[in-house]
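Enquirer: I need the structure of the sequence given here:
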Amino acid sequence: MTSLRELFLRHMAQTSLAPMGLEISHAKGVYQIGTDGKRYIDLISGISVSNLGHGHPAVVQAVTEQATRHMHLMVYGETVQAPQVRFAEAICSQLPKELDSVYFVSSGSEATDGAMKLAVRATGRTQFATLRNAYHGSTLGALGVMGHDMLRAPYAPLLPDTLRLDPNIAEQLDQVNRRTAAIFIEPIQGEAGARPLTAEYIRAVRRRCVSTGTLMVVDEIQSGFGRTGSMFAFLDAGVVPDIVLMAKGMGAGMPIGAFVARKELMSLLSHDPVLGHITTFGGHPMSCAAGLAGLQVVLSDGLMERAKALEVIFRQRLIHPRIKEIRGRGALLALELGDAALVQSTIAKCLEMGVITDWFLFCDTALRVAPPPIMTDAEAHAACDTLLSALEV
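Expert: Residues are numbered from 1 along each chain as shown. Purely as a prediction, here's the structure:
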């Protein structure tokens, strides 16, 4: 009989020549459980998606109840659906009052593409600025504002007029000018290895955008919904961007994304032409029901404070000669080992010992530590024990 793994390799399109290949039976809390019964601590939250861990009862209940009402009805924006409306209202309540209009999509890449279209529509410009080692998605449009050539180069030519700036170097912002439609920034650069932008730099970006009429787009796809100790990391800088991107942890495990802007800006997509941006599955009612339940849990259970507490544990416990630096904020951290081969061997050893960790696309010398903020102290210490043991072998 053909095994499930063989069928996986035969029929599932592969994203690498060496997939992790774990066969998972089910998942609960911070654990993924293999078909052989082995338990794995999920130290990466499915790449910052499972902010509430796996199978959170509030999310399961919300999805189950919504499934009994309706699933897909019509392409986004044509019918009044309570899960979408209530979730949009809740998201806006966590943002500066100016950001009051949500466009739901299906993923972070689609959120980036939508924001790019909106920026061109609003400004009449076609130049985009991005930061070195930025990751904003993998669609052809999002590749245009990617800050690393590893994934861009094989698909060139892309957008013909893109600036690439070094993060936290305010002097380079002079290159953003009245030809620039938008600048995209991540408050914490995820795939660069959990590297925060300084509050001073974020404010400098805002000032430059105001002076040149450029839209400021803040990407909270990895950092949003409480993971960094704030609902959205940009809020710590005290600025109001023009557009905010979100996805990943937004759906509490369900697929969804969004870009958020002020109403008068977002309205440009509704006319000249009508249907200036459309999506079939964006804001799927089950995903919105899950996302709303998840957001309510983040607020009611104090998960932003919990993310900060986890950071303290990891920084205190993960002291080892092979760990050169710990970067990031809250439950979005990178352990810099300074050696890509050591990172890969440590990932493999952790997996053997029951912990799932990973590397970063544009920083292969660092280990990803981004657990669900619901993680208990005991689970965090167990994960640290494994990491330290793996570094000793």
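Enquirer: Show me how the record splits the chain into domains.
Expert: Taking automatic domain parsing as the criterion, the chain consists of the domains 4-55+302-392, 58-300.
Enquirer: which of those domains is buried the deepest?
Expert: Comparing these by mean neighbour count (mean count of other C-beta atoms under 10 Å), domain 58-300 comes out on top with a mean of 20. Quick note: C-beta positions are derived from backbone N, CA and C, even for glycine.
Enquirer: and the end-to-end length of it?
Expert: 12 Å (C-alpha to C-alpha, to the nearest Å).
Enquirer: rewinding a little: same list as before, the domains of the chain that is, but in TSV and with mean pLDDT included.
Expert: TSV is the format used below for those (pLDDT from 0 to 100):
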stretch	mean pLDDT
domain 4-55+302-392	95
domain 58-300	96
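Enquirer: Which parts of the stretch 151-300 of the chain are helices?
Expert: 199-212, 263-266, 285-300 (DSSP state H, counting those that start in this stretch).
Enquirer: Make sure T15 is indeed in a helix.
Expert: No: assessed with DSSP: H, G, I helix; E, B strand; the rest coil, T15 is coil; it does not lie in a helix.
Enquirer: Can you tell me how far it is from I313?
Expert: Using C-beta to C-beta, to the nearest Å, we find T15 at a distance of 32 Å from I313.
Enquirer: again with L292
Expert: For L292, the distance to I313 - C-beta to C-beta - is 30 Å.
Enquirer: Quick check: phi and psi on the closest residue to G21 other than its chain neighbours?
Expert: Spatially, and ignoring its direct neighbours in sequence, G21 is nearest to R5 (6.4 Å; C-beta to C-beta, 6 or more residues apart in numbering). Main-chain dihedrals, R5, degrees, to the nearest 10: phi -60, psi -40.
Enquirer: check contacts around R69.
Expert: Shown in contact with R69 (C-beta atoms under 8 Å, 6 or more residues apart in numbering): P285.
Enquirer: Over to E191?
Expert: N133, A134, Y135, H148, F360, L361, F362, C363.
Enquirer: now, among these, which is nearest to T214?
Expert: Nearest to T214 out of these is A134 (C-beta to C-beta; 16.1 Å).
Enquirer: Thought I185 was touching that closest one, still the case?
Expert: Yes: under the criterion of C-beta atoms under 8 Å, A134 makes contact with I185 at 7.5 Å.
Enquirer: what touches both of these two?
Expert: D219.
Enquirer: sorry, back to before: output the helices of the stretch 151-300 of the chain in JSON lines, with distance to Y155 appended to each entry.
Expert: Below are these laid out as JSON lines (distance: least, C-beta to C-beta, whole Å):
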{"stretch": "helix 199-212", "distance to Y155": "27"}
{"stretch": "helix 263-266", "distance to Y155": "29"}
{"stretch": "helix 285-300", "distance to Y155": "28"}
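Enquirer: of these, which approaches A58 most closely?
Expert: helix 285-300 (4.7 Å).
Enquirer: Is it possible to get a markdown table of the contacts of E191 that adds secondary structure and distance to S267?
Expert: Formatted as a markdown table, these follow (DSSP: H, G, I helix; E, B strand; the rest coil; distance: C-beta to C-beta, whole Å):
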| residue | secondary structure | distance to S267 |
| --- | --- | --- |
| N133 | coil | 34 |
| A134 | coil | 28 |
| Y135 | coil | 29 |
| H148 | coil | 34 |
| F360 | strand | 37 |
| L361 | coil | 35 |
| F362 | coil | 36 |
| C363 | strand | 39 |
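Enquirer: Can you give me the end-to-end span of stretch 155-172?
Expert: 27 Å.
Enquirer: what does stretch 5-18 give?
Expert: First-to-last residue span, stretch 5-18, C-alpha to C-alpha: 13 Å.
Enquirer: Give me the distance from that stretch to the chain's centre.
Expert: 25 Å (C-alpha atoms, centre = their mean, to the nearest Å).
Enquirer: ok, residues contacting it?
Expert: G21, E23.
Enquirer: do stretch 31-44 as well
Expert: Counting by C-beta under 8 Å, 6+ apart, 4, 22-27, 30, 50, 53-54, 350-351, 354-358, 368-372, 379, 382-383, 386 sit against stretch 31-44.
Enquirer: Could you rerun that using 7 Å?
Expert: If you take C-beta atoms under 7 Å, 6 or more residues apart in numbering as the criterion, stretch 31-44 is touched by 22-27, 30, 50, 54, 354-358, 368-372, 379, 382-383.
Enquirer: and it, C-alpha only, in PDB?
Expert: What follows is stretch 31-44, C-alpha atoms only, in PDB (Å, rounded to 0.1, in the frame of the first residue of the first chain):
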ATOM      1  CA  TYR A  31       1.800  20.700  20.600                       C
ATOM      2  CA  GLN A  32       1.600  19.000  17.200                       C
ATOM      3  CA  ILE A  33       1.200  15.200  17.500                       C
ATOM      4  CA  GLY A  34       2.600  12.800  14.900                       C
ATOM      5  CA  THR A  35       0.800   9.800  13.600                       C
ATOM      6  CA  ASP A  36       3.200   7.700  15.700                       C
ATOM      7  CA  GLY A  37       2.000   9.600  18.900                       C
ATOM      8  CA  LYS A  38       5.200  11.700  19.200                       C
ATOM      9  CA  ARG A  39       4.500  15.100  20.600                       C
ATOM     10  CA  TYR A  40       6.300  18.200  19.200                       C
ATOM     11  CA  ILE A  41       6.400  21.600  20.900                       C
ATOM     12  CA  ASP A  42       5.500  24.100  18.100                       C
ATOM     13  CA  LEU A  43       8.100  26.800  18.700                       C
ATOM     14  CA  ILE A  44       7.200  28.700  15.500                       C
END
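Enquirer: Let the chain start at 47 from now.
Expert: Sounds good: first residue 47 from here, last item stretch 77-90.
Enquirer: picking up where we left off before, just the contacts of stretch 77-90: which are in strands?
Expert: I70, S71, H72, A73, V401, I402, D404, R414, V415 (DSSP state E).
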